[in-house]
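> With the sequence up front, the predicted model follows.
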Amino acid sequence: MADKTIVCKDCSKEFIFTEGEQAFYKEKGFENEPQRCPDCRKARKQQNNRGFRR
């Protein structure tokens, strides 16, 4: 496996999907590559958790 450059579907910036990340995804059984860059993934996770914390 080689590093892959992917374009974020939210902000359209390119990010690197490293060999290590690819191995982790494969080990966990994930079939799809990430569609969002790490910054957008973090922002989306915070947005989704906002309604559940007290």
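Thanks, I have it. Worth saying up front: this structure is predicted, and the values here are computed from it rather than measured.

> Let's verify the residue nearest to the spatial centre of the chain: helix, strand, or coil?
Taking Cα atoms, centre = their mean, the centroid of the chain lies closest to Pro34, which sits 4.1 Å from it. Following DSSP: H, G, I helix; E, B strand; the rest coil, the label given to Pro34 is coil.

> OK, contacts around it?
Each residue near Pro34 by Cβ atoms under 8 Å, 6 or more residues apart in numbering is listed here: Ile6, Phe17, Glu21, Tyr25, Arg41. Backbone N, C-alpha and C define where each C-beta goes, glycine included.

> Can you name the residues that contact the third one?
Contacts for Glu21 (Cβ under 8 Å, 6+ apart) come out as Pro34.

> ok, now the one 4 residues further on?
For Tyr25, the set of contacting residues under the criterion of Cβ under 8 Å, 6+ apart consists of Glu33, Pro34.

> and stretch 46-54, what's its mean pLDDT?
For stretch 46-54, mean pLDDT is 73.

> How about stretch 10-28?
Taken as a whole, stretch 10-28 carries a mean pLDDT of 97.

> what distance separates the start and the end of that stretch?
For stretch 10-28, the separation between the terminal residues is 24 Å (Cα to Cα, to the nearest Å).
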